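Q: Have a look at this prediction, sequence included:
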Amino acid sequence: MTSISKHIYLILGFLLVSYWGMAQGQDKTVLMSGKVATDRSSEFLPSAYVFNSHSGRGTLTDDLGNFALYVYPGDSIVFSYVGFKKKYYIVPHEMEQTHVVTVFMQEESRTLAEVKVYPYATEEDFKDAFLRMRLSDEKQREALRNNVESSKLNVLALQAGMGASANFRNFSDAQISAGANRTFVNSPILALTNPFAWARFIQSVKNGDLKRDDWKKAYELPPSETITTNQFIRDQKRGN
């Protein structure tokens, strides 16, 4: 056997001895058992939750409040039950392989909101009292009801005048109405029903305007090649 092999065996032996010594020094598991009860009447609490926060394991108590759980010394055990405050227990370090405890839990009291009970014999009495009840802000409610009345709102709307959108809508309506009236005045149907137009027509017939043939001269004389339209019209008006 060489010197290197001897050193390897020595190192392995040292590691085995160290591991065995550490295993001997570790804490061993302890069986923790007991009962969970109330602190006032010592009544057992069934189905209470027992939880080991270090190992993440837990259990429930039976119908008589008994429980059993494997723990390590120094573990923190949490006891919880609906309607009771949580209870915390630290497992002692110096103990035997079994540990028996009795855990008393305190009821959790909660302050509820105040409830007023009125002395009404029947439901009808309560309804009558409710309808006759006067609220603290009744005057403010009445003033608000009067301010939002439809008649008052209409008066305020008339006093406020038109805004930008209303002015634009009024202008657009006026433009549309003017265009419609202009078309109606110039229509042939309105001219036939206009008594003033008929009077002018009858007067022109009496004057002999229908017998005049001056307008034919405009077609008998051809216009000059260099004359413009405006000049031709002016010459016709002058009688040239």
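A: Done, it's in. Residues are numbered from 1 along each chain as shown.
Q: drop to CA atoms for contacts and neighbour counts, all remaining ones
A: Will do.
Q: and the next element down the chain from the helix or strand hosting E142?
A: Using DSSP states H and E, E142 sits in helix 138-147. Later in the chain than helix 138-147, the nearest helix or strand by DSSP H and E is helix 150-160.
Q: Residues contacting that following helix, please?
A: With CA atoms under 8 Å, 6 or more residues apart in numbering as the test, helix 150-160 has contacts from N147.
Q: and what of stretch 74-90?
A: By CA under 8 Å, 6+ apart, stretch 74-90 touches 47-54, 91-93, 103, 105-109.
Q: of these, buried ones?
A: Buried by 16 or more other CA atoms under 10 Å: S47, A48, Y49, V50, F51, N52, V91, V103, M105, Q106, out of the contacts of stretch 74-90.
Q: Per-residue pLDDT of the fourth one, please?
A: With respect to pLDDT, V50 scores 95.
Q: so what's it up against?
A: Residues near V50 by CA under 8 Å, 6+ apart: G58, T59, L60, T61, F67, I77, V78, F79, S80.
Q: mind listing the strands for this protein?
A: Under the criterion DSSP state E, the chain contains strands at 30-38, 49-52, 57-60, 66-71, 76-80, 87-90, 98-105.
Q: Including distance to L131, could those go into JSON lines?
A: Supplementary listing: the strands of the chain in JSON lines, determined by distance: least, CA to CA, whole Å:
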{"stretch": "strand 30-38", "distance to L131": "49"}
{"stretch": "strand 49-52", "distance to L131": "52"}
{"stretch": "strand 57-60", "distance to L131": "55"}
{"stretch": "strand 66-71", "distance to L131": "58"}
{"stretch": "strand 76-80", "distance to L131": "49"}
{"stretch": "strand 87-90", "distance to L131": "52"}
{"stretch": "strand 98-105", "distance to L131": "49"}
